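[1] Dropping the sequence and predicted coords here.
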Amino acid sequence: MTRILPISDQGAVEAALEVLRDGKPVALPTETVYGLAADATNPEAITSIYETKGRPRFNPLISHVADIGMAKAQVSFSPLAEQLAATFWPGPLTLVLPLSEASTIHPLATAGLATAAVRMPEGFSRQLIAGFGRPLAAPSANRSGRVSPTTAQHVADDLGGRIDLILDGGRCRVGLESTILAVDGAQLRLLRPGGIPVELIEEATGKPVERSPSQSTGDSIIAPGMLASHYAPNAGVRLDATEVGPGEAVIRFGGERLAGEDNAIAVLDLSPRGDLREAAANLFDMLKRADATGATGIAVAPIPDQGLGEAINDRLRRAAAPRP
């Protein structure tokens, strides 16, 4: 039976540490989405993540750290990577960096690559990692390919009975996974858009961020979130919709009505006021809510592609992609 403990519970941290020390995964809140966390140095613990999620083992995991010292024990930082960490950590930015010679992250977490994806999360999860004393591998706490969870109930609905413990920290503030950057010396390459807009990264570093072709095609999986089909509800997703088809639910943006909306199974609005930050926080929850209506399809209105809209549209394209 899966326990759900609020992070405010006095015994929550110790309960989580007990499960983690036993080599099992724990679902925990971060500012992005809920993660399925286990010891990144323990092959049995990492295997339990893959088995619980049904995740392909060629798809690497992000290792989450408590501080810059823990990160530097695992990966090698260039001056540019140090600047990025100083500017955006803790926060929703993942850096893909060369493994250090002394790294203890197990190859199962890196899919055997010579690089590792590392991130310093905010809040409770960071405190838990510090108490554990080792990096935690933590993909989203859902079955592989499905919509990412932004509440403890989302996790319970998808993984209840498969894991021992869910830590409830309320709704995730950002609501989208982290931005992932490969840092090669002084060059930056976007592997996945996410909670930090690329424009902010370019402004902070004074350097352009290259959009890799593989970032959108998924042909070369060197970081999480690069599979072509991902974040998918049961119902098919139709993008850039201007009208509603039979049996469809609607997800719109900015209060703009779609033609035939009165006949929709349900109508949801990511942000009636047209705020992309609000839309990002609502995206996964509204995909789940639209799917729960039993609609035959989900019609999604156009979303602006600037700022956080780039990450929102990335998730929607993958949700709408042909499924394996």
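    Perfect, I can see it now.
[2] now the helices: where do they sit in the protein?
    Ranges of helices in the chain, per DSSP state H, are 12-21, 43-53, 68-72, 79-88, 107-110, 124-132, 152-159, 198-205, 213-217, 276-292, 309-320.
[3] Lowest average confidence across the ones you listed, which one?
    Ranked by mean pLDDT, the helices of the chain bottom out at helix 213-217, which scores a mean of 46.
[4] Just the terminal-to-terminal distance for stretch 30-45.
    20 Å (CA to CA, to the nearest Å).
[5] start the count at 746, not 1, going forward
    Right, with 746 as the first residue, what we last looked at is stretch 775-790.
[6] returning to what we had before: quick one: which of the helices of the chain is nearest Asn887?
    Comparison of the helices of the chain against Asn887 by CB to CB identifies helix 897-904 as nearest, at 4.7 Å. Quick note: C-beta positions are derived from backbone N, CA and C, even for glycine.
[7] In stretch 779-799, which residues are buried?
    Going by neighbour count (16 or more other CB atoms under 10 Å), the buried part of stretch 779-799 is 779-787, 790-791, 793-795, 797-798.
[8] Check the burial of the residue lying closest to Leu750 once chain neighbours are set aside by counting its neighbours.
    Nearest non-adjacent residue to Leu750, counting by CB to CB, 6 or more residues apart in numbering: Ala757, 4.6 Å away. Applying other CB atoms under 10 Å, we find 20 residues neighbouring Ala757.
[9] quick one: contacts for Ala757?
    Leu750, Pro751, Leu912 (CB atoms under 8 Å, 6 or more residues apart in numbering).
[10] ok, of the buried residues of stretch 779-799, which one's closest to Gly1000?
    Closest approach between the buried residues of stretch 779-799 and Gly1000, by CB to CB: Tyr779, at 29.1 Å.
[11] Show the pLDDT at the closest one.
    With respect to pLDDT, Tyr779 has a value of 98.
[12] pretty sure it is touching Ile752, no?
    No - at 11.6 Å, Tyr779 and Ile752 do not qualify as touching, with contact defined as CB atoms under 8 Å.
[13] Tell me the spacing between the spatially most central residue of the chain and Pro938.
    For the chain, the residue nearest the mean C-alpha position is Glu922 (2.9 Å; CA atoms, centre = their mean). According to CB to CB, to the nearest Å, Glu922 and Pro938 sit 9 Å apart.
[14] and what of Thr896?
    23 Å.
[15] who touches the residue nearest to the centre of the chain in this structure?
    Glu922 neighbours (CB under 8 Å, 6+ apart): Thr777, Val778, Pro837, Ser885, Ser893, Arg937, Gly939, Gly940, Pro969, Gly970.
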